[in-house]
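Visitor: What follows is a predicted protein model with its sequence.
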Amino acid sequence: MLWRLSSALWFCAPFVVLLILWAVFIPYFDVNPRLFPHLSSVIQAGIEGIKDGTLIQHIGASLLRVAVGTVLALLIAIPLGIAMGVSPIISSFLTPLFRFFSVLAGIAWIPIATLWFGYGFGAITFVIFNAVFFIVTYNTLLGVSTIPLQVRNAAASLGAGRWAMLTEVLLPGALPNIVTGIRTGLGFAWRGLIAAEMIATNVGLGYMLFVARDFYRTEVIVLGMIVIGVLWLLLDRLVLAPIERATIERWGMVQRA
């Protein structure tokens, strides 16, 4: 418990130093608020956003899009990755396509997504879907491929049917790679979300940044940047990283200290 507390404090230390430098040097050098805001202005913008509900609305819209796009991607990516892992024919046929489209995943899809789905929820969800789908599929394929053939043969010789092979051998064996893929894919999805919201919607954290720029409200821009970073750190450190660590420990790849 003490080790976790000290680790958390050490993790937060550079951010505290950065805030102190911000609070001291921006007023000292009398920086124009149109170029960069004072810390107090950002805090005030955050309080106002919470009071009038706009900040909560933007955060909720962004998180909902990430959740829907990610779930849809996982529902397709994991079965497809397992199918590619057990079938050399499917794998050899689809792998070149995945290598090609994995480079385009995320932000590159924004222009055509707005043509297909219009401006709004559909286009942004599609961008997030692409950011997660290709990475998770490929990681699932890698996870299944790393399962020794002897383990599959042993399970089959013990009478394991297709469902038992899937749920007791293939999926558990690939799970550490799948979780790693989800963590990586969500990182790309989060960046793609902010970029898409600047173009294809009228609510969300990306939209909040974009509109604030038109009115030279740098305090709102910096507030949005801080919220985006904090939300990702909370998601990654409190949800994704513990799940990844627990999954790897559960399936015997590392030992718990």
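Guide: Done, it's in. Here the structure is a predicted model, which means the values were calculated and not measured.

Visitor: three-state assignment of residue 216?
Guide: coil (DSSP: H, G, I helix; E, B strand; the rest coil).

Visitor: measure it to residue 75 for me?
Guide: For residue 216, the distance to residue 75 (Cβ to Cβ, to the nearest Å) stands at 43 Å. C-beta coordinates here come from the backbone N, C-alpha and C atoms, glycine included.

Visitor: do the same with residue 104
Guide: For residue 104, the distance to residue 75 - Cβ to Cβ - is 21 Å.

Visitor: which stretches of the chain aren't confidently modelled?
Guide: Applying pLDDT under 70 to the chain flags the ranges 1, 105, 249-257.

Visitor: Let me see the ranges of the helices in the stretch 1-150 of the chain.
Guide: Here the stretch 1-150 of the chain has its helices, by DSSP state H, counting those that start in this stretch, at 2-28, 39-52, 54-86, 88-104, 110-117, 121-145, 149-157.

Visitor: Show residues contacting the second one.
Guide: Put plainly, it is helix 39-52. Applying Cβ atoms under 8 Å, 6 or more residues apart in numbering, the contact partners of helix 39-52 are 19, 22-23, 26, 33, 37, 55-56, 58, 217, 219-220, 222-223, 226.

Visitor: And these, which two are furthest apart?
Guide: 26 and 56 (27.2 Å; Cβ to Cβ).

Visitor: Looking at these two, which is more packed in?
Guide: Under the neighbour definition other Cβ atoms under 10 Å, residue 26 and residue 56 were set side by side, and residue 26 has more, 18 against 12.

Visitor: check contacts around the residue lying closest to that one once chain neighbours are set aside.
Guide: Spatially, and ignoring its direct neighbours in sequence, residue 26 is nearest to residue 38 (5.5 Å; Cβ to Cβ, 6 or more residues apart in numbering). Residue 38 makes contact with 23, 26-27, 219, according to Cβ under 8 Å, 6+ apart.

Visitor: name the element the residue nearest the centre of the chain belongs to?
Guide: In the chain, the residue lying closest to the centroid (Cα atoms, centre = their mean) is residue 186, at 1.8 Å. Using DSSP states H and E, residue 186 maps to helix 171-200.

Visitor: got the angle for that helix vs helix 110-117?
Guide: Inter-element angle recorded for helix 171-200 and helix 110-117: 90 degrees (by axes from the mean of the first three to the mean of the last three Cα atoms, to 10 degrees).

Visitor: just checking, what packs against helix 171-200?
Guide: The contact analysis (3 or more Cβ pairs under 8 Å, 6 or more residues apart in numbering; DSSP states H and E) places helix 171-200 against helix 54-86, helix 110-117, helix 121-145, helix 205-214, helix 218-235, helix 241-250.

Visitor: I'd like these as JSON lines, with distance to residue 162 appended.
Guide: Output for the helices and strands packed on helix 171-200, formatted as JSON lines (distance: least, Cβ to Cβ, whole Å):
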{"stretch": "helix 54-86", "distance to residue 162": "10"}
{"stretch": "helix 110-117", "distance to residue 162": "36"}
{"stretch": "helix 121-145", "distance to residue 162": "14"}
{"stretch": "helix 205-214", "distance to residue 162": "44"}
{"stretch": "helix 218-235", "distance to residue 162": "35"}
{"stretch": "helix 241-250", "distance to residue 162": "24"}
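
Visitor: So for residue 191, which of those helices sits nearest?
Guide: Across the helices and strands packed on helix 171-200, closest to residue 191 is helix 121-145 (Cβ to Cβ), at 7.9 Å.

Visitor: tell me how far the closest one is from the chain's mean position?
Guide: 11 Å (Cα atoms, centre = their mean, to the nearest Å).

Visitor: Name the residues of it that are buried.
Guide: 121, 123-144 (16 or more other Cβ atoms under 10 Å).

Visitor: and if you look at stretch 48-56?
Guide: Those buried within stretch 48-56 under the rule 16+ other Cβ under 10 Å are 49, 55.

Visitor: and it, how far from the chain's centre?
Guide: Mean-position distance between stretch 48-56 and its chain equals 24 Å (Cα atoms, centre = their mean).
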